[in-house]
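Participant: Got a predicted model here, sequence first, then my questions.
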Amino acid sequence: MKLTTKILLGIGLGLVVGLALNYGAPSVFTTLNDYVFAPVGDLFIKAIKMIVVPLVFFSIVLGAAGISDPKKMGRIGGKTILLYLLTTAIAISIALLLANVISPGEGVDVAKPDKTDIEAAPPIKDTLLNIVPENPVKALAEGQMLQIIFFALAFGAGIALLGNKVNRVKEFVEQANEVMMKLVHLLMKVVPYAAFALMAKAVGEAGLDLIASMGLYMITLLLALLIHMTLTYGAFLKFMAKLNPFKFYKAMFPAMEVAFTTSSSAATLPITMNSVEKGLKVPKSVSSFVLPLGATINMDGTAIMQGTAAIFIAQLYNIDLSFSQQLLIILTATLASIGTAAIPSAGIVMLTIVFPAVGLPLEGLGIILGVDRLLDMARTATNITGDAMVATCVAKSEGADVEVTGESVETAVS
């Protein structure tokens, strides 16, 4: 049985069991929640917290170190990174705007956890000043994610500038990153059971109201993805790449289809490169740099999920987020998206960075996890489309004759 099928079964069974116990046997639910649902959910969240620091560190170091060619670190690299960060910030802003307007989490009473990770979020000025760590080892030990991201970027840039002199260091980082990716894959194997426990716990405590609220959360997130893909990407394609957005999406459809099916930007990368090079006539010299980098640091769809999820969970727990805290979400999610692994459901892991930054409980991950697998497919398609859009814009800015060729693009992955 495929993992997606198992996860959907876990979600479905969790919904049924949680509702049945909520309305038919509250005392039984309390017992099962104390000894089964809550412990399984807590163990899963602890496992996520265990891998998130090394995963983010090695992933970002590797991404920064990958810009090793001095030529690529020039114009093309600057344009690419700027566009990636800009589109990600726009994506989160759209998500926050929609989530505040639609308010998917309002009207539901979810009790705050007894053991809580909630802390008062510091002023945004202090957060910005504290991005640079005085002691990187202390930042790693304490899980100070913004400091870890900054140090990882600096460390990766140092590797890139030293080039062949530090090949062994780069090889170590590559292998360590592979190990962390494997751990994430192993963790994903227990997601169906965690999804069952977390969903049963959440629905058992809140009842039908939570299901309706989760449906509204899904609608909000999908609407944000659609707006970002049509308006943001469409504007860049129209005015920067001088390309018809509809023709662009037609050329990219094979890659979007694979991304939707696999939920992995990394697995879709060969198809994305094929579609961009053959379908859009982007030179290989641009696509071979921009697209792999995008699969590492450009996660617009994931960033939209993080922004929407933060507002949704804040509303469920009746936690007011100030304007400065929402600006902090934009900053944190933009930086966190850089460290998001290009594999299924890695965005859930990155929420452990965004939630504590604004004082949200990590227990809210259980509610998000319940519907995340379904949404993961849509946001992965957004992620790879954003990579292709940036590659097209960068190629056009470098004087390439970008156009939709209509050439058939092979969709099979060998």
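Facilitator: Yep, it's here. Residues are numbered from 1 along each chain as shown.

Participant: can you map out the helices along the stretch 101-250 of the chain?
Facilitator: Along the stretch 101-250 of the chain, the segments classed as helices by DSSP state H, counting those that start in this stretch run 124-129, 136-142, 145-162, 167-189, 191-206, 208-227, 233-239, 245-262.

Participant: how far is the helix ranked longest in the chain from where the chain is centred?
Facilitator: Criterion DSSP state H: the longest helix present in the chain is helix 365-397. Taking Cα atoms, centre = their mean, to the nearest Å, one finds helix 365-397 lying 8 Å from the centre of the chain it belongs to.

Participant: Report the buried residues of it.
Facilitator: Neighbour-count burial for helix 365-397, counted by 16 or more other Cβ atoms under 10 Å, picks out 365-373, 375-397. Yep, even glycine has a C-beta here, placed from its N, CA and C like the rest.

Participant: go on, stretch 269-278?
Facilitator: Buried, per 16+ other Cβ under 10 Å, within stretch 269-278: 269-277.

Participant: same deal with stretch 238-251?
Facilitator: Going by 16+ other Cβ under 10 Å, stretch 238-251 has these buried residues: 240-241, 243, 245, 247-249, 251.

Participant: cool, and stretch 83-95?
Facilitator: For stretch 83-95, a neighbour-count test (16+ other Cβ under 10 Å) marks 83-85, 87-95 as buried.

Participant: Settle this for me: T382 is touching L225, isn't it.
Facilitator: Yes: with contact defined as Cβ atoms under 8 Å, T382 reaches L225; the gap is 5.1 Å.

Participant: tell me, what's touching these two both at once?
Facilitator: Listed as contacting both T382 and L225 by Cβ atoms under 8 Å, 6 or more residues apart in numbering are 301, 304.

Participant: dump the residue contacts of L223.
Facilitator: Counting by Cβ under 8 Å, 6+ apart, L223 has contacts 98, 102.

Participant: can you check F260 too?
Facilitator: F260 touches 377-378, 380-381, counting by Cβ under 8 Å, 6+ apart.

Participant: Give me the pLDDT value at it.
Facilitator: As predicted, F260 sits at a pLDDT of 79.

Participant: Helix or strand with the lowest mean pLDDT in this structure?
Facilitator: Sorting the helices and strands of the chain by mean pLDDT, DSSP states H and E puts helix 124-129 at the bottom, at a mean of 64.

Participant: And the buried residues of stretch 83-95, which is closest to M299?
Facilitator: Distances from M299 to the buried residues of stretch 83-95, taken as Cβ to Cβ, are shortest for T88 (7.1 Å).

Participant: Now do the contacts for the closest one.
Facilitator: 298-300, 303, 333-334, 337.

Participant: tell me which element it falls in.
Facilitator: Taking DSSP states H and E as the criterion, T88 maps to helix 75-102.
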